[in-house]
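Peer 1: below are the sequence and a predicted model for it; my questions follow.
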Amino acid sequence: MQNDRPAVRLWIDGVGCWLISRSQRLTVGSMQPASSAIRSGGEASSSEHIGIFSDLRSRHASFSREDGSFILEPRGRVRIGNVDRNSAMPLSNEAAIQLGDEVVMKYCLPSPLSGSARLTLESGHRFANSLNGIILLEKTCLLGAGSQSHIVCKNWQRDIVIFERANNLFCKVSSRESSTENGSGEQQEAPQVLECRPGEILSGEDWSFHVEAIDLPAV
Amino acid sequence: MSSSRIANGHPSSRRAERASKNMKFTFAPESRPLEGYTIKRAIYRGGFGEVYYALSDAGREVALKLLQHNSDVELRGVQQCLNLSHPNLVTIFDVRQDGDGDHWIIMEYIAGETLDATLRRQSSGMPVESVRSWLRGLTDGMAYLHSRGLVHRDLKPANMFMENGVVKIGDVGLSKFIAPSRHSAQTQSVGTVHYMAPEVAKGRYGREVDIYAIGIILYEMLTGKLPFDGESTGEILMKHLSEPPDLSPLPPRLQPVIEMALRKDPKERFSRVEALQRAFEEAVLGVSPPKSTEEVPAAPGHARVPDRDGKQDAGFVQLPEGRPSAKKGQKGCATSCGPAPGWMKGVAFGGLGLLVMGTVFGWDLSFPMVVSILFTSGLITYSRSKKANRKTKLNQARRAAAVNVSAPQPPPQNLRRSWGTTGDLLGSMFLTVPIAAMLITCLAALKPSLLGGASSLSDIDPANLGLFASMTILSSWALITIPFSVLRAPEHRFRSISRYHYGLAGLFVGVVAYLIEQYLMVSDLGTPSRAIFSRLGDQSLFIDGVPSWIGFMAFFATLFSFANWQEMSSPRRKDRFSISSVVGVGFVAWLTTTVFAFPTQFGLALAVIIACVTQLSSPFDDWRSKQKSRKVA
């Protein structure tokens, strides 16, 4: 059986590299040996694994979806709010999750209109695969300059919404009002929807990103 | 519609990609302009070219910089930096040329945040502890660069990164050689106008250009604002050239440091970046910057406590008072005690004065002596405990807070005249002679017994008088010369002079005193004190009515080490003449004679006269009055 909702990596000019994860469960931990990797095009796995360059257990914690929210399942030492967590627990917005002794990960729900969550590392550690952060996609993901964007793209003049339809990813470029040359009136551009197929580069006047399929190890 | 899709951005379509009008950057992801490297995304576009994040075929992360102007100057600058290696500088791996003849710099990729991004997050200024961290890394990197004869020329927050606590300075490839003399090898205007030193407009690039830029960056980090800003480049440049920076938003004790870094004349700035950092550290930590070098009496500082997100709270937490520059009118702490209530000081100094008078005039003051000693001990204990308390509070505040000082006083406008010129020094030394003569004459007329036990003016032994006068003049010369020579360089004026300097000078003066005593054949200087030490090793401190060579050395070294001479000879002391300082010196002299055998009356009188002569003859810059005048103006 093939994984019909593979993760993709967005290489966004001037911003960074972000993972859009759609799997039911995402595991984080130390880097896994290459031999344990299973190509996403192969047999479907129960969980995707994201490595962190750190001294953690190989599967230190998992994030799983449940009724539109995300549950953290500790497997190694996990602390939230200076309290050790040993059992599965739902995550709240802005939770600072300490993995092991040093790694601090921030869980954030930036937009009240979207259930998608953002995971970033706050302790100076780095994700593998050149990732700056992870989006746990729940229907929609907002890219733009505003603080409510899942991926903050500070110099963009318009927002882009990435959404899932029939297991495929699409992006919708928001409309923008622009003055005509003589300033006598305003014209409205209609929003445009593009499919985010791996290997494609999508770009606008001041934005550009490359969609890339990523082979994540399965655990 | 402006959006577009480029399918499968392969390297072969690079020309097409370059031509694509919708692409912000020249090269698209997956391009391979250089053999062995695949561009994954663009990072930014700067004045000197575009920068891309790329992976080598082996998986190494690098930043590829496309030099768009390809001028020889840029290439030469980059090549000079190819073999530089320092943890605080972004490493340049190589310079390569692509198939189109464009030059690329292959550099270390830094994942950390730029200072620019940090400043955007903390728009009201960064905590001082963060500023110190940035400055440390910046200093180390720039000192290394300067030591290799290079200047950066384009220091700015966007070029500075913090990765895992390590500061990295980027764009060192734009550095150029420091011209050996007049810094005028290049007339091309480079760098960012907000951080551009005034002399750059004339095509001069010394290391002072970088020091100026660091001054601007420090200002921005501390306040969140630029010192010189404007609507246009021309306006900003004009402000750099002619307008003094508004230092009022800065913490008062940091104002002199930033002011000096931002001098219009590069010769008046810190000559080295390390000196700037040292002055900054001393100003922040209050590591005994002598009161005499304080430029501004300031209101107490305040610290803002960052909240959970690192943002600064609107509420202020007052920093513990007592830092040398943070309390108005506070005594300097270079060598004296910490703050104590005024009445305690008054009683203590009164008691000491009484004690000295009693010793001089032969009164029986056993009871006042005991009271004075007890009270002084109490005062010292109190001051020390308060000082320790203050230190603890300061550390706590530093840990939790960022320093941001409210109600700052206007900055000093004339900081250049700190320690005067050689002419000032010679003038002071010359002035010492008549002042000493006048005071010694008064002393001899009022109390001749102090000069070796004579009962009247006519009985004074000329040898004793000569020894007294020569020692007064020589000591005053030494005490005036020490701060002049140690703190003469503008960047050193925040230093406090070590007691060792004074101790060494005291040893020297002691040796000379002994030689003069031998030369003048002094036979009697009075009864030696009943001291703890009458001998040091096998050497007696007092032989045949006069101190031995070691007796003189012990007396002068102790007297010079433990009295606060810097406060009496600094041009920027609070008052031209301080009675309390004289009393303090008298007390130290008396204590010295209780430890080392020495003629008590002679020693006390000598110390007091030296203190008076030193204060009256050393240069005095009445900056407080000037500042008041400026305020009124």
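Peer 2: Received the coordinates, thanks.
Peer 1: so the spatially closest residue to A:Arg75 that is not a sequence neighbour is in which element?
Peer 2: Spatially, and ignoring its direct neighbours in sequence, A:Arg75 is nearest to A:Arg59 (5.3 Å; C-beta to C-beta, 6 or more residues apart in numbering or on different chains). C-beta: built from backbone N, CA, C; applies to glycine. With elements delineated by DSSP states H and E, A:Arg59 resides in a region that no helix or strand encompasses.
Peer 1: tell me the secondary structure at the residue sitting nearest the centre point of chain A.
Peer 2: Against the mean C-alpha coordinate of chain A, by C-alpha atoms, centre = their mean, the closest residue is A:Ile135 at 1.6 Å. On the three-state scheme (DSSP: H, G, I helix; E, B strand; the rest coil), A:Ile135 is labelled strand.
Peer 1: which residues pair with it across the strands?
Peer 2: For A:Ile135, the beta-bridge partners under DSSP bridges are A:Ile20, A:Arg118.
Peer 1: ok, it - contacts?
Peer 2: Listed by C-beta atoms under 8 Å, 6 or more residues apart in numbering or on different chains, the contact partners of A:Ile135 are A:Trp18, A:Leu19, A:Ile20, A:Ser21, A:Ser116, A:Ala117, A:Arg118, A:Leu119, A:Cys141, A:His150, A:Ile151.
Peer 1: ok, and the most crowded of those residues?
Peer 2: Each of the contacts of A:Ile135 was scored by neighbours using other C-beta atoms under 10 Å in any protein chain shown; the highest score is A:Cys141's, at 27 neighbours.
Peer 1: close enough to count as contact, that one and A:Leu169?
Peer 2: No - A:Cys141 is not in contact with A:Leu169 according to C-beta atoms under 8 Å; the separation is 9.2 Å.
Peer 1: and B:His152, what pLDDT?
Peer 2: pLDDT, the model's per-residue confidence, is 87 for B:His152.
Peer 1: again with the one 5 residues further on
Peer 2: Per-residue confidence at B:Pro157 stands at 92 (pLDDT).
Peer 1: does it really touch B:Arg120, like I thought?
Peer 2: No - with contact defined as C-beta under 8 Å, B:Pro157 does not count as touching B:Arg120 (9.2 Å).
Peer 1: in chain A, which helix or strand is least confident?
Peer 2: Least confident helix or strand, chain A: strand A:177-179 with a mean of 44, by mean pLDDT, DSSP states H and E.
Peer 1: got the residues of chain A near chain B?
Peer 2: Contact residues (C-beta under 8 Å from any C-beta of the partner chain) of chain A with chain B: A:11-17, A:124, A:126, A:130, A:173, A:189-190, A:192, A:194, A:199-210, A:212.
Peer 1: select only the buried ones of those residues in PyMOL?
Peer 2: Taking 16 or more other C-beta atoms under 10 Å in any protein chain shown as the burial criterion, the selection of buried members of the residues of chain A next to chain B in PyMOL is written as:
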select buried, chain A and resi 11+12+13+14+15+16+17+124+126+130+173+192+194+200+201+202+203+204+207+208+209+210+212
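Peer 1: find the nearest non-adjacent residue to B:His86, please.
Peer 2: Nearest residue to B:His86 in three dimensions, chain neighbours excluded: B:Tyr144, at 4.4 Å (C-beta to C-beta, 6+ apart).
Peer 1: could you do B:Ser581 as well?
Peer 2: Here the nearest residue to B:Ser581 in space, its sequence neighbours aside, is B:Met568; by C-beta to C-beta, 6+ apart that works out to 5.1 Å.
Peer 1: any idea which element the one you found lies in?
Peer 2: The secondary structure element spanning B:Met568 is helix B:566-569 (assigned by DSSP H and E).
Peer 1: which stretch of helix or strand covers A:Ser130?
Peer 2: Taking DSSP H and E as the criterion, A:Ser130 maps to no regular element, lying outside all helices and strands.
Peer 1: compute the distance between it and B:Lys65, please.
Peer 2: Plainly put, A:Ser130 is 18 Å away from B:Lys65 if you go by C-beta to C-beta, to the nearest Å.
Peer 1: so where's the chain uncertain?
Peer 2: All of this is about chain A. A:1-4, A:32-46, A:176-190, A:219 (pLDDT under 70).
Peer 1: wrong one, chain B
Peer 2: Within chain B, the ranges that satisfy pLDDT under 70 run B:1-23, B:47, B:69-71, B:73, B:173-191, B:287-420, B:453, B:487-495, B:572, B:621-633.
Peer 1: hmm, the lengthiest strand in it touching chain A?
Peer 2: Across chain B, the strand with the greatest residue count (assigned by DSSP state E) is strand B:37-46. Yes - for a cut-off given as C-beta under 8 Å from any C-beta, strand B:37-46 has contacts with chain A, namely B:Lys40, B:Arg41, B:Ala42, B:Ile43, B:Tyr44.
Peer 1: where do the strands sit along the stretch 1-150 of chain B?
Peer 2: Under the criterion DSSP state E, counting those that start in this stretch, strands of the stretch 1-150 of chain B are mapped to B:4-7, B:37-46, B:49-56, B:61-67, B:92-97, B:103-108, B:113-114, B:150-151.
Peer 1: related to what we said a few turns ago, quick check, the residue nearest to B:Ser581 in contact with B:Ser578.
Peer 2: Yes - between B:Met568 and B:Ser578 there is a contact at 7.1 Å, judged by C-beta under 8 Å.
Peer 1: could I have the host helix or strand of B:Leu222 exported to PDB, CA atoms only?
Peer 2: Assigned by DSSP H and E, B:Leu222 belongs to helix B:207-223. Listed in PDB are the C-alpha atoms of helix B:207-223, where the atom choice follows Å, rounded to 0.1, in the frame of the first residue of the first chain:
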ATOM      1  CA  ARG B 207      39.600  50.600  11.400                       C
ATOM      2  CA  GLU B 208      37.900  53.600  13.000                       C
ATOM      3  CA  VAL B 209      35.200  53.100  10.400                       C
ATOM      4  CA  ASP B 210      34.300  49.800  12.000                       C
ATOM      5  CA  ILE B 211      34.500  51.200  15.500                       C
ATOM      6  CA  TYR B 212      32.000  53.900  14.400                       C
ATOM      7  CA  ALA B 213      29.700  51.300  13.000                       C
ATOM      8  CA  ILE B 214      29.900  49.300  16.200                       C
ATOM      9  CA  GLY B 215      29.000  52.400  18.100                       C
ATOM     10  CA  ILE B 216      25.900  52.800  16.000                       C
ATOM     11  CA  ILE B 217      25.000  49.200  16.400                       C
ATOM     12  CA  LEU B 218      25.400  49.400  20.100                       C
ATOM     13  CA  TYR B 219      23.200  52.500  20.200                       C
ATOM     14  CA  GLU B 220      20.600  50.600  18.200                       C
ATOM     15  CA  MET B 221      20.800  47.500  20.300                       C
ATOM     16  CA  LEU B 222      20.400  49.500  23.500                       C
ATOM     17  CA  THR B 223      17.600  51.700  22.400                       C
END
